[in-house]
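> I would like the atomic coordinates for the input below:
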Amino acid sequence: MNMDRCRAIYNKFIEFDPSRCATWIQFAEFEQNLSETERAAAIYELAVSQESLDTPELLWKKYIDLENALEHREKVEELFERLLRLASHSKVFIAYAQFESKWDTEKARAILERGIEEFKLSGENAMRHQLLVCLKSLEESLENNEERIEKVQKRQARIVHKQRENPETGIKEDFIDYEFPDDAMESVQAQFMKAAEKWKMAAQKKQAEEKQEEGEAKRAKVEDGGK
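Next up is the predicted model:
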């Protein structure tokens, strides 16, 4: 087999359509089969830098799998972080946490918590639910971990069936949503804080009024004494 000729053919295919991930992957795997892992990694790196790709998730997975097989832990972490900046998705957080769990449970836990908080703020309840389920599985995989298991179990979402109106058709549609105990607890705490702030403001206002009345009484007394 003429290796240089094969490489030239792959390059021609890529020049014709650089958005086709299958070609990039085949080219990289061709180099891997020749034990040219540095070439394969360079091909993947060039591939993920393309502006348009038809199946980028598959391309990133292959790139991460290669670096993982080479036991380049820091490179894998870098790739996951780059991927999350491009596409923040529960599947990426889960794959990242599963990778880290082989070495560092705390880091794996932190990655999942980071995703949970991100999807909480963005309102993406389905992905938040998926990460909480994954966090529960992580805790259950550890021995003598009953306290953490119990805590994460209490945070699991309740699945609820709701309806909403399609703005285009006006037809009501059924959909699944999730209710999180953490949100209910925060709502109660927020109400308590609001009530406490209201009480504080009322107390400050009353104190100010009493000081004003006391001042007016002293001035009146001075004026009476001066007559």
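
> Could you tell me which residues make contact with Ala22?
Thr55 (C-beta atoms under 8 Å, 6 or more residues apart in numbering). C-betas here are computed from N, CA, C, even on glycine.

> for whichever strand or helix holds it, which positions count as buried?
For Ala22, the host element (DSSP states H and E) is helix 21-33. Across helix 21-33, burial judged by 16 or more other C-beta atoms under 10 Å covers Cys21, Thr23, Trp24, Ile25, Phe27, Ala28, Phe30, Glu31, Gln32.

> ok, Asp174 touching His161?
Yes. In terms of C-beta atoms under 8 Å, Asp174 counts as a neighbour of His161; the distance is 6.3 Å.

> for stretch 147-155, what is the average pLDDT?
Averaged across stretch 147-155, pLDDT comes to 96.

> Contacts for that stretch next, please.
Leu132, Leu135, Lys136, Glu139, Glu140, Leu142, Phe180, Pro181, Asp182.

> can you name the two of these that are farthest apart?
Pairwise distances across these (C-beta to C-beta) peak at 23.2 Å, for the pair Leu142 and Phe180.

> Would you mind telling me which of these two has more residues around it?
Neighbours were counted for Leu142 and for Phe180 using other C-beta atoms under 10 Å; Phe180 has more, 18 against 13.

> Not counting its neighbours along the chain, what's nearest the residue nearest the centre of the chain?
By C-alpha atoms, centre = their mean, the chain has its centre lying nearest to Gly115, at 2.4 Å. In this structure, Gly115 finds its nearest non-sequential neighbour in Phe93, 3.6 Å apart by C-beta to C-beta, 6 or more residues apart in numbering.

> which residues does that neighbour contact?
Phe93 makes contacts with Leu84, Ile111, Leu112, Arg114, Gly115, Leu131, as judged by C-beta under 8 Å, 6+ apart.

> Now do the contacts for the fourth one.
Going back to what we said before, that points to Arg114. By C-beta under 8 Å, 6+ apart, the contact list for Arg114 reads Phe93.

> for it, phi and psi?
Backbone torsions of Arg114, given as degrees, to the nearest 10, read phi -60, psi -40.

> Now the phi/psi pair for Lys120, please.
Per-residue torsions, Lys120: phi -60, psi -50 (degrees, to the nearest 10).

> With Glu173 instead?
Dihedral angles (degrees, to the nearest 10) for Glu173: phi -120, psi 140.

> do the same with Asn11
Asn11 adopts backbone torsions of phi -60, psi -40, taken as degrees, to the nearest 10.

> ok so, going back, pick the one among the buried residues of helix 21-33 closest to Tyr44.
Taking C-beta to C-beta as the measure, Tyr44 lies nearest Ala28 of these, at 5.4 Å.
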